[in-house]
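Engineer: sequence and computational prediction follow.
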Amino acid sequence: PLIAVPTTSGSGSEATHFAVVYVNQEKYSLAHPELLPDRIILDASLTKTLTGAAYWTPVFDSVCQAIESYWSAGATDLSQSYSKKAIEHAWPILTNMGGPDDNDRNLLMLASHYAGRAIYITKTTAPHALSYTLTTAYGIPHGNAVALFLGSFFELNVSLANSSGVNPVPNDVILQRVDELLKLLGDVPLDNFASRWAQLMKERQLIYSFSDVGITSDDEIDMLLNKVNLERLGNHPVQLSRNDLRQHLKRIFKVDQ
């Protein structure tokens, strides 16, 4: 039997049949029924040796998974119920600068597990699709890399849903899902969410500024685009052309501005 015992409140992979392998700095996702554990042990005491960014980086990863799953093109009523549970468990703790105490750690372990259940159904979307090169080429820990991208996609999703284009998810549904997420995330206004998200990352000792990554040229933007995970990108609720992504990346990294 396969028994999974997570030691971070992060990936939620114990709830999935997914695994990850890096070969020559290229990230590959594996999926097979035999990778789905027969038993799971969620013991939050195993996270007590983690402090600072080492603890909170996986937490941000799990919250990103829950958010991405909620707006994903593959979202279902069941996956969204898991996403909601993950966010409802994690968000009050993430935004409270005390702790984490033992109860917080238990709730964040459960949040991670529910996020894992959600992405098992839907997989992740553009923030994850873009994140892997930040880890392999720039040394940004995975959860931190995803979180860097996530905040800016709220406004981008709304902008593209308000355009005349045809998207994988109906435009009114995209707008509804973003609105529902913003309510779950403390009722933060859309135009303030990215800065609030970055402030949380800063408070939890993560790299929160794109200027700290080291991407300064068009060539590096193109490298990010060339290595994007197309499967994860295909789950995104709005259609993202290469030019859409390129302009978005140049804006957030402030290249040629």
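Structural biologist: Good, I have the coordinates.
Engineer: surely Ser209 touches Ala198?
Structural biologist: Yes - taking C-beta atoms under 8 Å as the definition, Ser209 is a contact partner of Ala198 at 7.3 Å. C-betas here are computed from N, CA, C, even on glycine.
Engineer: comparing those two, which residue is more hemmed in?
Structural biologist: Ala198 (18 against 10; other C-beta atoms under 10 Å).
Engineer: show me where the stretch 101-250 of the chain has helices.
Structural biologist: Counting by DSSP state H, counting those that start in this stretch, residue ranges of the helices within the stretch 101-250 of the chain are 102-122, 126-138, 142-161, 171-184, 190-203, 218-226, 230-233, 242-253.
Engineer: overlap of the contact sets of Ser209 and Ala198?
Structural biologist: Residues touching both Ser209 and Ala198 by C-beta atoms under 8 Å, 6 or more residues apart in numbering: none at all.
Engineer: circling back: nearest to Tyr82, out of the helices of the stretch 101-250 of the chain?
Structural biologist: Comparison of those against Tyr82 by C-beta to C-beta identifies helix 102-122 as nearest, at 4.0 Å.
Engineer: center of this structure - which residue?
Structural biologist: Of all residues in the chain, the one closest to the mean position by C-alpha atoms, centre = their mean is Cys64, 2.7 Å from it.
Engineer: doesn't that residue fall inside a helix?
Structural biologist: Yes - inclusion of Cys64 in a helix is indicated when DSSP: H, G, I helix; E, B strand; the rest coil is applied.
Engineer: got a list of what the closest residue to Ile3 other than its chain neighbours touches?
Structural biologist: Sequence neighbours aside, Arg39 is the residue nearest to Ile3 in space, at 4.6 Å (criterion: C-beta to C-beta, 6 or more residues apart in numbering). Arg39 sits next to Pro1, Leu2, Ile3, Ala4 when contact means C-beta under 8 Å, 6+ apart.
Engineer: what comes into contact with stretch 136-148?
Structural biologist: 10, 22, 25-27, 53, 57-64, 127-128, 131-132, 134-135, 197, 201, 206-208, 210, 213-215, 223.
Engineer: report the buried residues of it.
Structural biologist: Thr136, Ala137, Ile140, Pro141, His142, Gly143, Asn144, Ala145, Val146, Ala147, Leu148 (16 or more other C-beta atoms under 10 Å).
Engineer: just give me the closest of those residues to Asp244.
Structural biologist: Nearest member of these to Asp244, counting by C-beta to C-beta, is Leu148, at 18.2 Å.
Engineer: ok, that closest one to His142 distance?
Structural biologist: Distance, Leu148 to His142, using C-beta to C-beta, to the nearest Å: 11 Å.
Engineer: cool, and Leu230?
Structural biologist: Computed as C-beta to C-beta, the Leu230 to His142 distance reads 18 Å.
Engineer: and if you look at Ser211?
Structural biologist: From Ser211 across to His142, the span is 20 Å (C-beta to C-beta).
Engineer: give me the neighbour count for Lys227.
Structural biologist: 16.
Engineer: check contacts around it.
Structural biologist: The contact partners of Lys227, by C-beta under 8 Å, 6+ apart, come to Glu26, Tyr132, Thr133.
Engineer: Throw the residues you listed into CSV and include neighbour count, thanks.
Structural biologist: As requested, the contacts of Lys227 are exported to CSV (neighbours: other C-beta atoms under 10 Å):
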residue, neighbour count
Glu26, 12
Tyr132, 24
Thr133, 23
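Engineer: redo these as JSON lines? Include distance to Ile93.
Structural biologist: What follows is these, written out as JSON lines (distance: C-beta to C-beta, whole Å):
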{"residue": "Glu26", "distance to Ile93": "35"}
{"residue": "Tyr132", "distance to Ile93": "27"}
{"residue": "Thr133", "distance to Ile93": "30"}
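Engineer: could I get the helix or strand of the chain with the lowest mean pLDDT in PDB with only the CA atoms?
Structural biologist: Within the chain, no helix or strand scores below helix 230-233, which has a mean of 82 by mean pLDDT, DSSP states H and E. What follows is helix 230-233, C-alpha atoms only, in PDB (Å, rounded to 0.1, in the frame of the first residue of the first chain):
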ATOM      1  CA  LEU A 230       0.800  24.400 -22.000                       C
ATOM      2  CA  GLU A 231      -1.400  21.800 -20.300                       C
ATOM      3  CA  ARG A 232      -1.800  24.100 -17.200                       C
ATOM      4  CA  LEU A 233      -2.300  27.100 -19.500                       C
END
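Engineer: right, I'll call it a day here.
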